[in-house]
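**Student:** return a 3D structure for these sequence lines:
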Amino acid sequence: MGKKCCFTGYRPQKLTYLHEETGAEYQRLYRLLTKLIKAAVEEGYDYFISGFAEGVDLIAAKIVLALKNDGFDIELEAALPGMNQTMYWTAEQKDVYYRLLDQADHRSCPDQKMTRYSCLKRDEYMVDQADLVIAVFDGKKGGTAYTLNYAREKKRNLWIVDPGQYTVKKEEGLFA
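**Tutor:** Sure thing, here's the model as predicted:
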């Protein structure tokens, strides 16, 4: 097993173009994340962890699975915040979620039942496992900001994608 990478980023409520898979902005982010995941593989990352939340998490999971299907020797872990994560999701959202979950190589679930803190606990678990965190973040308060701060405390390497400018800021080796 090589190095591990996890993902953090916004849900569609904070980044509305995540609802529009055929839209230009969504496609641009998808291509950039694909490029970053391929670059991570070239640097020895072969185990990817997604929190399987709507938005960036599921996009990253889709990309990892697509690359795996294309012959990349990589694995995907679904790190679930609770067994009832999809309780309020639509049927279409659940269909995508379970289709991807069925393809994941590994599953983990820090909390059996969703609580107020389950997502943060799941994010800490992912960062604790990872050497690299790929984040889609532009400064908004919330879970992604919390996860990035936690990753910095844990001295993880970060590749931060600005979802409006489509630029990448790397904080590698700064904390080693």
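
**Student:** any stretches of this protein with poor pLDDT?
**Tutor:** Residue ranges of the chain with pLDDT under 70: 1, 173-176.

**Student:** and if we set it to 50?
**Tutor:** 175-176 (pLDDT under 50).

**Student:** so where do the helices sit in it?
**Tutor:** 24-42, 56-69, 91-103, 118-129, 143-153 (DSSP state H).

**Student:** export those to JSON lines and append columns for distance to V168 and mean neighbour count.
**Tutor:** From N, CA and C alone the C-beta is placed, and that goes for glycine too. As requested, these are exported to JSON lines (distance: least, Cβ to Cβ, whole Å; neighbours: other Cβ atoms under 10 Å):
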{"stretch": "helix 24-42", "distance to V168": "7", "mean neighbour count": "16"}
{"stretch": "helix 56-69", "distance to V168": "14", "mean neighbour count": "21"}
{"stretch": "helix 91-103", "distance to V168": "24", "mean neighbour count": "13"}
{"stretch": "helix 118-129", "distance to V168": "19", "mean neighbour count": "20"}
{"stretch": "helix 143-153", "distance to V168": "14", "mean neighbour count": "18"}
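
**Student:** mind putting the ones you listed into TSV with distance to R11?
**Tutor:** Below are the helices of the chain laid out as TSV (distance: least, Cβ to Cβ, whole Å):
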stretch	distance to R11
helix 24-42	13
helix 56-69	8
helix 91-103	11
helix 118-129	10
helix 143-153	8
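
**Student:** right, and the ones you listed - which one's nearest D162?
**Tutor:** The minimum distance between D162 and these falls on helix 24-42, with 9.9 Å, by Cβ to Cβ.

**Student:** for that closest one, name the packing helices and strands.
**Tutor:** helix 56-69, strand 132-136, strand 157-162 (3 or more Cβ pairs under 8 Å, 6 or more residues apart in numbering; DSSP states H and E).

**Student:** nearest to C109, out of the helices of the chain?
**Tutor:** Among those, helix 118-129 sits nearest to C109 (Cβ to Cβ), with 8.0 Å.

**Student:** name the nearest residue to L120, sequence neighbours excluded.
**Tutor:** Ranked by Cβ to Cβ, 6 or more residues apart in numbering and with sequence neighbours excluded, the top spatial neighbour of L120 is Y146, at 6.2 Å.

**Student:** let me fix that, I meant to ask about D111.
**Tutor:** D111's closest residue in space is S118 (Cβ to Cβ, 6+ apart), at 4.4 Å.

**Student:** I appreciate the help and will end here.
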